[in-house]
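Enquirer: Sequence unavailable; structure follows:
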C-alpha cells in the first residue's frame, strides 16, 4: 500500500475498531452483572471445601492422632486417664472412652486447612465445617477450646487418678511384699516322685 | 433576569447571585456525574458499583465529598509551597471562568460578551497553567511528567478545537454563543451539525463537513479534558495520577471538581456550537427559558455519557500516537473542512 493509502486505511481502520470496541462495552452495560452482594447474599461453597475445624468433643477419645498428623502443630490435646470405677460412656461409633480430655485447643490462626487431621480420627469427631467468616481483632480469640470439662471436673479427675494410682501402687507394693515374703520362706522339699514300675 | 433584578434590588448583589449560580450547578452536576461514571464503569465491566449507601448507593458521592473535605491537607516538604497552594485554584478558576459565556438558557448567560467563543478558547487554556504549576510545584518526577505532557497535549489539541470553532463562526457569523444558539433555534434541522438554517442546496453541501468538524471537535475536547484515551497527564498506571500525585484532601477535590466541570464545559461548547444549545429539537414544542435549561443540560449530559462510555472502552494512546492524531489527522482534516465550508458559503 502506498503511504497515502496507509494513511487513509489507518484512519478508517482505527475508527472501525473504536466502533467495534464500543459496541462490545455497550452490550456489557446492559447485561446482568456477575456480582454477588456478598455479606447479604452468599455463594454456595463446594461440598468438600475445607474451612473452620469443628470438634465434637463428646466423641473424642483423646487418642492424639489428629494432633500428631497436624503439619503446623496447631492442635494441643491433654488427657487424663480415667479410673475403672467411672464410666465415660461410648462414642457414637461404640468405642469405649477411656480418657478424660481436659484440653482440646485448636489455634485456627496457625491452621493451614490441609484437612490431614480429619482422616486419622477413629471416631470421626474432628471435621471441616463450611464456616469461613471468623475474623477476630485479637489473635488470642482464634484459639478455640473444644473441651467441655470444668476446672473442678479436671481437678476431680486428677485427684481420683492420683488416688487410684496410689492405691494401685500400694496394691502392687503389697503383692511385691507378699512375693518377697514367699521368696524369703525356707524351701520345702518336693514330695518324692513315685517310682515308676519297672517295665 | 429582570425579575431577579427587582427581587434583589441591587446591581452588585444581582451580579454576585448570578455568578454563583453556575457554581451551584457545577457542584450538583459533579455529584451526579461522579455517580454516573462509577455506575457506567461498573456495569460495563459487569459489576454493580456502590450498593450500600442509600438506594443503589445514591448517597455515595456525598459521602465521598465529605471524606475529601475532612482529609488532611498534606503539602510535601520539598514542594514549592506558594505554587503548590495556588495551582488547584488556578485550574478551577480557569474552568469556572468558561461558565461565564455558556448560554444555559435564552435568558441566562453569565456574561453576554460578543467574544464568547474566543474567551472560551483563551480561558480554557488557563487550566493547563494550573496543571503545569501543580506538576512543577510538587517536586516529584511523575507529577512533572504529567504536567509537561498536559501542556504538550493542550497546546496540540487547542488548534483543532479553535479551527472547529472558527468553522462554526463562519457559518453563524457571530462569536457570541448566545447568538450562535439563537441562529440555530427552531428545530433539529436548523442545527449547525446539519448545516444550519441555510437554503437546502447549501445545507446539503455543508452537512458532511459540519459532521466531520463536530466529530473532530468532540475528539479534541476529550483530549483537552485529559480523559481516556487521551489521559496521558494522569495515566494512573504509568505516572501514578501525574500532577495529582502529591495532592490530598481539599486541593485534590478542587482538581477533581475542575476535571468534571471541564467535562461539562467541552460538552456544552459542542452542544452550543453544533447542536442548537438550549433550543428545543422540536421547534416551538417544549421551548422556553426553563425548557432551555433542560435541553442544554440534557444535550450536554448525553455527550458526558458518551465520554464516559469512551473512557471505559478504549486504552490509552502512546505519546507519539497522541501527537500523530492531533497534527497529522485532526488538523489537516479540519483545514480541509475550513476550506470547503468557506467555498460553500461564498458560493
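Expert: That came in fine, so what should we check first? Predicted, not measured: the structure shown is a model, and the values here were computed from it. Numbers count the residues shown, from 1 in each chain, chains lettered A, B, ... in the order given.
Enquirer: Just give me the longest strand of chain A.
Expert: strand A:99-107 (DSSP state E).
Enquirer: could you point out which element follows that one?
Expert: If you walk from strand A:99-107 toward the C-terminus, the next helix or strand you reach (DSSP states H and E) is strand A:126-128.
Enquirer: and the residue lying closest to residue B:127 once chain neighbours are set aside, what is it in contact with?
Expert: Ranked by CB to CB, 6 or more residues apart in numbering or on different chains and with sequence neighbours excluded, the top spatial neighbour of residue B:127 is residue B:94, at 4.1 Å. Every C-beta, even on glycine, is put in place using the N, C-alpha and C of the backbone. Contacts for residue B:94 (CB atoms under 8 Å, 6 or more residues apart in numbering or on different chains) come out as B:123, B:124, B:125, B:126, B:127, B:129, B:130, B:258.
Enquirer: Show me the shaky parts of chain A.
Expert: A:198-199 (pLDDT under 70).
Enquirer: wait, residue A:43 sits on residue A:37?
Expert: No. If you go by CB atoms under 8 Å, residue A:43 and residue A:37 don't touch, sitting 10.6 Å apart.
Enquirer: So for these two, which sits in the more crowded spot?
Expert: Neighbours were counted for residue A:43 and for residue A:37 using other CB atoms under 10 Å in any protein chain shown; residue A:37 has more, 11 against 6.
Enquirer: Confirm that one sits in a helix?
Expert: No. Under DSSP: H, G, I helix; E, B strand; the rest coil, residue A:37 sits outside any helix and is assigned coil.
Enquirer: and it, what is it in contact with?
Expert: B:48, B:51.
Enquirer: what does chain A put close to chain B?
Expert: A:7, A:11, A:18, A:21-22, A:24-26, A:28-35, A:37 (CB under 8 Å from any CB of the partner chain).
Enquirer: one more time with 10 Å
Expert: Contact residues, chain A versus chain B (CB under 10 Å from any CB of the partner chain): A:7, A:10-11, A:14-15, A:17-18, A:20-37, A:39-40.
Enquirer: which among the contacts of residue B:94 gets closest to residue B:233?
Expert: Proximity of the contacts of residue B:94 to residue B:233 (CB to CB) peaks at residue B:127, which lies at 10.9 Å.
Enquirer: quick one: the helices in the stretch 1-150 of chain B?
Expert: B:2-8, B:11-44, B:60-69, B:81-98, B:116-124, B:126-137, B:141-172 (DSSP state H, counting those that start in this stretch).
Enquirer: Residue B:220 against residue B:121, yeah?
Expert: No. Using CB atoms under 10 Å, residue B:220 is not in contact with residue B:121, being 11.5 Å away.
Enquirer: picking up where we left off before, now the helices of the stretch 1-150 of chain B as JSON lines including mean pLDDT?
Expert: Shown next, in JSON lines, are those (pLDDT from 0 to 100):
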{"stretch": "helix B:2-8", "mean pLDDT": "65"}
{"stretch": "helix B:11-44", "mean pLDDT": "85"}
{"stretch": "helix B:60-69", "mean pLDDT": "85"}
{"stretch": "helix B:81-98", "mean pLDDT": "87"}
{"stretch": "helix B:116-124", "mean pLDDT": "84"}
{"stretch": "helix B:126-137", "mean pLDDT": "86"}
{"stretch": "helix B:141-172", "mean pLDDT": "86"}
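Enquirer: before we move on, back to that, more crowded one of residue B:220 and residue B:121?
Expert: Legend: neighbour count by other CB under 10 Å for residue B:220 and residue B:121, higher for residue B:220 (25 against 16).
Enquirer: Tell me, what's the model's pLDDT at the more buried one?
Expert: pLDDT recorded at residue B:220 is 88.
Enquirer: Report the separation between it and residue B:227.
Expert: Relative to residue B:227, residue B:220 is positioned 12 Å away (CB to CB, to the nearest Å).
Enquirer: do residue B:100 as well
Expert: Residue B:100 is 23 Å from residue B:227, by CB to CB.
Enquirer: One more: residue B:165?
Expert: According to CB to CB, residue B:165 and residue B:227 sit 20 Å apart.
Enquirer: Repeat that for residue A:61.
Expert: From residue A:61 over to residue B:227 the distance is 69 Å, taken as CB to CB.
Enquirer: Now do the same contact list for the residue lying closest to residue B:56 once chain neighbours are set aside.
Expert: Of all residues not flanking residue B:56 in the chain, residue B:50 sits nearest, at 7.2 Å (CB to CB, 6+ apart). Residue B:50 sits next to B:35, B:38, B:39, B:42, B:56, B:57, B:58, B:59, B:60, B:61, B:63, B:64 when contact means CB atoms under 10 Å, 6 or more residues apart in numbering or on different chains.
Enquirer: Which of these sits closest to residue A:134?
Expert: Using CB to CB, those come closest to residue A:134 at residue B:57, 28.2 Å.
Enquirer: which residues does that closest one contact?
Expert: Residue B:57 neighbours (CB under 10 Å, 6+ apart): B:35, B:38, B:39, B:42, B:48, B:49, B:50, B:51, B:63.
Enquirer: pLDDT value on it, please?
Expert: 81.
Enquirer: Next, count neighbours for residue B:242.
Expert: 28.
Enquirer: residue ranges of the helices in chain A, please?
Expert: A:3-29, A:65-69, A:151-184 (DSSP state H).
Enquirer: Determine which stretch of the ones you listed is the most buried.
Expert: Highest mean neighbour count among the helices of chain A (mean count of other CB atoms under 10 Å in any protein chain shown): helix A:65-69, with a mean of 18.
Enquirer: how far is it from where the chain is centred?
Expert: Distance, stretch centre to chain centre, for helix A:65-69: 7 Å (CA atoms, centre = their mean, to the nearest Å).
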